[in-house]
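I would like to see how this sequence folds:
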Amino acid sequence: MKKLLLASAVAVAAVGGYYYTTGSDTSTDALLGSIPADSPLVVMQTEAYDHFEYVNTMGKSQQSLYDLFADFDLTAEQDFMVAYLDGYLQSAVDKKTFKAYSGTPDKVKPVFYTLGMIPVYKIQLEDTAAFWNTIDQTEQATGATHQATKLGNIDYRRYRLSDENGEEINLVIAVHDNVATFTLDFPLLKEANPLKLALGVEKPQKAFADSDILSGLQRKYGKQYSSYGYLDHQEIIKGFTQPASNLLARQVDILQEYNPEPFIEELRKPNCQSEFATIASHWPRTVALTHYQAKNDQVNLDGQIVLESTNKVILNAIQSIRGFMPKMSAQDSIFEFGFGLDVAKLAPAINTIWQDIQQPTYQCDFLAEMQQEMGSENPAAMLSMGSSMVNGMKGMHFTLNDVALDLQKPYSPQFEKLDFLFTLSAENPIALLQTAQMFIPQLAQLTIQPNGNPVDLSALLKSETGVSTPLFARLNDKHLALYAGERSSTNSQSVLASSLEAQGLFQFAVNAPRVLELMELVAEMQGEEVPEDISAGLNSNAVSQITFDVNDHGFVLGYDHNVKMKK
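Here you go, the predicted structure:
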């Protein structure tokens with residue numbers, strides 16, 4: 001069963017990632033009519049994407065999916081599933097090869113959703129013969145066999161993924177009206193097995209297309225995104241706590257009859273039903289929004305993942321600790337990271353959150369136990385003591401723009417080139433520097449006036465570490481900057497001129513090709529090689545930026561991913 005679950009997880013993950021490859025036409029808009037409005041998970045598109053273009057930049061990899069299954073003895077049908085997905089990724093060497101493999105048009109607009117706990121993926125086809133030819137060839141290569149069957153007027157193939165001794169779980173592949181459907185068939189679910197609904201033999205009582213879910217997302221987050229998706233926590237909580245309340249609940253009901261789980265029985269007690277419903281109303285959905293753009297052999301994906309919350313107490317508390325983070329460009333740097341944190345407000349915010357979490361007196365045993373395990377000690381007091389040493393701090397940031405090592409001196413490495421910037425932002429950075437000098441005696445030699453002028457620390461660095469490289473510091477009433485290199489010198493002046501306006505909680509950026517170059521340089525110094533899995537992961541021509549913040553909608557993970565087309 002472990003092998004089956006892992007194989008199925010890869011299939012679902014691959015299909016879930018596949019949704020980014022979209023296009024726009026009336027036939028694909030009609031696919032929204034096959035999605036029930038109460039589906040727990042939905043990902044759909046509003047704009048056209050070039051299928052080959054996306055897979056070429058985002059999906060193609062030197063690493064095979066088979067690397068994930070090196071320790072597993074796959075059945076022929078499990079091997080078939082992995083081989084098909086791996087071939088899909090690896091076929092994006094050119095548009096002709098890719099289209100011959102996938103059978104899809106230039107632009108596609110797939111949908112991915114779940115019927116209770118069963119995943120469904122649908123995508124348009126241009127050449128059904130090419131699609132089935134790939135399926136047939138993959139069967140022959142893996143020795144997999146299928147059962148050809150029919151449901152209503154829909155013909156489909158069924159591949160058994162579970163072991164012979166396990167409960168039957170099948171991969172289902174069907175094509176109807178030039179739309180390919182991939183889903184799972186789980187006969188144990190009996191009348192709650194949604195195969196008819198997945199294949200379109202039955203229609204949902206209320207479809208996503210007939211709801212205001214999409215328009216609501218666009219009103220709330222804007223119409224600029226080309227992909228909208230969500231995980232509905234309320235439908236999931238309802239499914240596990242309220243019998244017969246939705247399709248997921250009916251599936252859980254049947255599984256409970258087959259193999260009762262005491263935990264599910266506990267969740268379905270009246271106290272747990274009401275208390276979990278309240279929690280779900282405070283944290284209703286996780287929403288994913290993506291904007292896709294391609295221009296001049298460059299593909300950009302930017303968007304956000306939002307954990308929605310209506311708990312204003314917690315949101316306001318977290319918003320109060322947002323701090324300063326300088327705005328840098330990651331396009332030419334190797335990597336950067338930083339966090340914004342108003343330390344003076346950290347302990348009060350934690351105290352507010354703690355009181356809010358402790359306030360309900362739960363009657364549900366599971367929630368009551370969780371609450372008790374948190375303990376009775378409010379962590380705010382300890383945080384207050386620890387944060388007093390860095391009181392007034394608003395944020396820290398580090399950027400590595402460039403580095404080159406002299407490999408002729410392996411036992412005493414020297415920098416041929418070093419360009420980095422470290423900043424500490426605070427209401428009184430001078431006081432923080434003085435505190436640091438108390439704990440690090442070497443820093444007592446530092447004399448930096450808060451006038452923003454550069455101070456040369458090269459001699460101090462060499463005397464303490466033996467490393468010879470230019471190093472400078474600047475200080476004013478808001479920021480301390482430690483830097484080396486021309487670019488960082490310019491950036492340090494920009495940071496010192498900035499006000500301490502709260503801008504976020506965390507940011508991280510990485511330039512994959514440049515990080516790989518740095519790792520190869522270090523590995524060469526040590527006489528080693530960069531591990532193949534790490535090398536493959538960084539060989540992507542990608543520059544990625546991630547931010548974490550909080551606003552009135554909830555907790556927001558932002559991302560900006562730029563990739564050059566592979567030639």
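
Y159: helix or strand, and which one exactly?
strand 154-160 (DSSP states H and E).

where's the helix or strand just after that strand relative to the chain centroid, distance-wise?
Using DSSP H and E, the helix or strand that directly follows strand 154-160 along the chain is strand 170-176. Strand 170-176 has its C-alpha centroid displaced from the chain centroid by 28 Å (Cα atoms, centre = their mean, to the nearest Å).

ditto for stretch 380-390
32 Å.

Just the CA trace of it, in CSV.
Taking Å, rounded to 0.1, in the frame of the first residue of the first chain, the C-alpha atoms of stretch 380-390 are listed here in CSV:
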residue,chain,number,x,y,z
ALA,A,380,5.3,36.0,25.8
ALA,A,381,7.2,36.5,29.1
MET,A,382,10.3,34.6,27.9
LEU,A,383,10.2,36.3,24.5
SER,A,384,10.0,39.7,26.2
MET,A,385,13.2,38.9,28.2
GLY,A,386,15.1,37.7,25.1
SER,A,387,13.9,40.4,22.8
SER,A,388,15.0,43.1,25.3
MET,A,389,18.6,42.6,24.1
VAL,A,390,17.7,43.6,20.6
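
partners of the nearest residue in space to G323 that is not next to it in sequence in the sheet?
Sequence neighbours aside, G340 is the residue nearest to G323 in space, at 3.1 Å (criterion: Cβ to Cβ, 6 or more residues apart in numbering). To be clear about C-beta, it is placed using only N, CA and C from the backbone, and glycine gets the same treatment. Beta-bridge pairing of G340 under DSSP bridges involves G395.

ok, now which ones touch G340?
For G340, the contact set (Cβ atoms under 8 Å, 6 or more residues apart in numbering) comprises R322, G323, F324, M325, K394, G395, A502, Q503, G504, L505, F506.

Can you add neighbour count and distance to T104 and give those back as CSV?
CSV is the format used below for these (neighbours: other Cβ atoms under 10 Å; distance: Cβ to Cβ, whole Å):
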residue, neighbour count, distance to T104
R322, 21, 44
G323, 25, 46
F324, 27, 47
M325, 27, 41
K394, 24, 50
G395, 27, 46
A502, 19, 46
Q503, 18, 42
G504, 20, 39
L505, 22, 40
F506, 17, 38
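
Tell me which residue of the chain is furthest from the middle?
Computed with Cα atoms, centre = their mean, the residue of the chain farthest from its C-alpha average is Q445, at 44.9 Å.

Could you give the number of residues near N296?
Using other Cβ atoms under 10 Å, N296 has 6 neighbouring residues.

Let me know the helix or strand that the closest residue in space to the residue farthest from the centre of the chain that isn't next to it in sequence is in.
Setting aside the residues directly before and after it, Q445 is nearest to L460 in space (Cβ to Cβ, 6+ apart), at 5.9 Å. Using DSSP H and E, L460 sits in helix 458-465.

Beyond that helix, next helix or strand please.
From helix 458-465, the next helix or strand downstream (DSSP H and E) is strand 472-475.

Where does pLDDT dip in the protein?
For the chain, applying pLDDT under 70 flags the ranges 1-29, 58-63, 328-331, 386, 407, 409-413, 442, 526, 532-540, 565-567.

Quick check: chain neighbours aside, which residue is closest to L31?
V111 is the one closest to L31 (Cβ to Cβ, 6+ apart), at 4.8 Å.

hang on, the earlier thing: I'd like the distance from the helix holding L460 to the chain centre, please.
42 Å.

Repeat that for stretch 414-426.
29 Å.

that older thread, what about the residue nearest to Q445, neighbour count?
L460, neighbours per other Cβ under 10 Å, totals 16.

And for the one 3 residues further on?
Applying the criterion other Cβ under 10 Å, we find 10 residues in the vicinity of S463.

ditto for E377
9.

now the strands for the stretch 201-350 of the chain?
227-232, 285-295, 298-308, 335-340 (DSSP state E, counting those that start in this stretch).

Compare the ones you listed and give me the one nearest Q358.
strand 298-308 (21.3 Å; Cβ to Cβ).

So which other helices or strands are in contact with that closest one?
Packing contacts for strand 298-308, counted by 3 or more Cβ pairs under 8 Å, 6 or more residues apart in numbering; DSSP states H and E, involve strand 285-295, strand 554-564.

contacting residues around that strand?
20, 53-54, 57-58, 221, 225, 227, 283-294, 553-565.

re the thing from before, ok, so what distance separates the residue nearest to Q445 from P429?
19 Å (Cβ to Cβ, to the nearest Å).

With G554 instead?
Distance from G554 to P429, by Cβ to Cβ: 32 Å.

if we can go back for a sec, the helix holding L460: which residues count as buried?
L460, L461 (16 or more other Cβ atoms under 10 Å).

All the helices of the stretch 301-450 of the chain, residue numbers only.
Here the stretch 301-450 of the chain has its helices, by DSSP state H, counting those that start in this stretch, at 312-320, 346-358, 365-373, 380-387, 429-439.

List the buried residues in the third one.
Neighbour counts over helix 365-373 (16+ other Cβ under 10 Å) mark F366, L367 as buried.

mind exporting that helix as CSV, just the C-alpha atoms?
In CSV, the C-alpha atoms belonging to helix 365-373 read as follows (Å, rounded to 0.1, in the frame of the first residue of the first chain):
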residue,chain,number,x,y,z
ASP,A,365,-11.7,15.8,23.5
PHE,A,366,-9.3,16.0,20.5
LEU,A,367,-9.2,19.8,20.6
ALA,A,368,-9.1,19.9,24.4
GLU,A,369,-6.0,17.6,24.4
MET,A,370,-4.3,19.8,21.8
GLN,A,371,-5.0,22.8,23.9
GLN,A,372,-3.6,21.1,27.0
GLU,A,373,-0.5,20.0,25.2
